[in-house]
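> my questions concern the predicted model and sequence given below.
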Amino acid sequence: MKSVASLALVAALSAALVVPASATAIGPHAARCENGEASVIVNVSGFRARTGTIRVQLYASNQRTYLERRQWLVRVDLPVSRAGDMPICVPVTSAGRYLVSVRHDVNGNGDSDRSDGGGFSGNPNVSVLDMVFRRKPNLNRISFNVDNAPVRVNVVLNYVNGTRFEPVNRS
């Protein structure tokens, strides 16, 4: 009996310590994540600078349309925070398979510059030549499933460094 009571106490304490993934979501759709609705919390990290804007675009996992101009489903633009990761809430209208692209417009001018950074869900390796020749990352590598609750996706930003496109801090 004592072990059952101990297990119940441990379970109760564990439940009390669980913090929902959506607790820190930011952006115009943050309430959707906080309410536990279908959404993606894109946790952006690895900033080279704390300036400019961050853009998150959600795409359907569709071979013909992913990462194509104006084919995104939802776009969220925010000023870059002064510190820490940016857990940005992106709404999803229905369960399915999706992917995200992230762009850090370092100077906030709205144009893609050599100083800007970016990344994708799944954090694939991307080379400068991939960017020059507009080669897309493998769709299966960058796609993820969303059901009826928030899903957390981590994206580490990459920046041009000589002839490489890589994270600021390589571990």
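Thanks, I have the structure now. Numbers count the residues shown, from 1 in each chain.

> okay, which residue is most central for the protein?
Residue closest to the average C-alpha location in the chain (C-alpha atoms, centre = their mean): Val42, at 2.7 Å.

> so that residue touches Asp85, yeah?
No - using C-beta atoms under 8 Å, Val42 and Asp85 do not qualify as a contacting pair, with a distance of 10.0 Å. In short, each C-beta sits where N, CA and C put it, glycine included.

> with just CA atoms, put the longest strand seen in the chain into PDB.
Looking across the chain with DSSP state E, the single longest strand is strand 96-105. What follows is strand 96-105, C-alpha atoms only, in PDB (Å, rounded to 0.1, in the frame of the first residue of the first chain):
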ATOM      1  CA  GLY A  96      -1.100  17.300 -41.400                       C
ATOM      2  CA  ARG A  97       2.500  17.300 -42.400                       C
ATOM      3  CA  TYR A  98       4.300  20.700 -42.500                       C
ATOM      4  CA  LEU A  99       7.700  22.300 -42.600                       C
ATOM      5  CA  VAL A 100       9.000  25.800 -41.600                       C
ATOM      6  CA  SER A 101      11.600  28.100 -43.000                       C
ATOM      7  CA  VAL A 102      13.100  30.900 -40.800                       C
ATOM      8  CA  ARG A 103      15.000  34.000 -42.000                       C
ATOM      9  CA  HIS A 104      16.800  36.500 -39.800                       C
ATOM     10  CA  ASP A 105      16.900  39.800 -41.600                       C
END
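
> report the buried residues of that strand.
For strand 96-105, the buried set under the neighbour-count rule, 16 or more other C-beta atoms under 10 Å, comprises Tyr98, Leu99, Val100, Ser101, Val102, Arg103, His104, Asp105.

> give the contact list for Val153.
Residues in contact with Val153 (C-beta atoms under 8 Å, 6 or more residues apart in numbering) are Val40, Ile41, Val42, Asn43, Val100, Ser121, Phe144.
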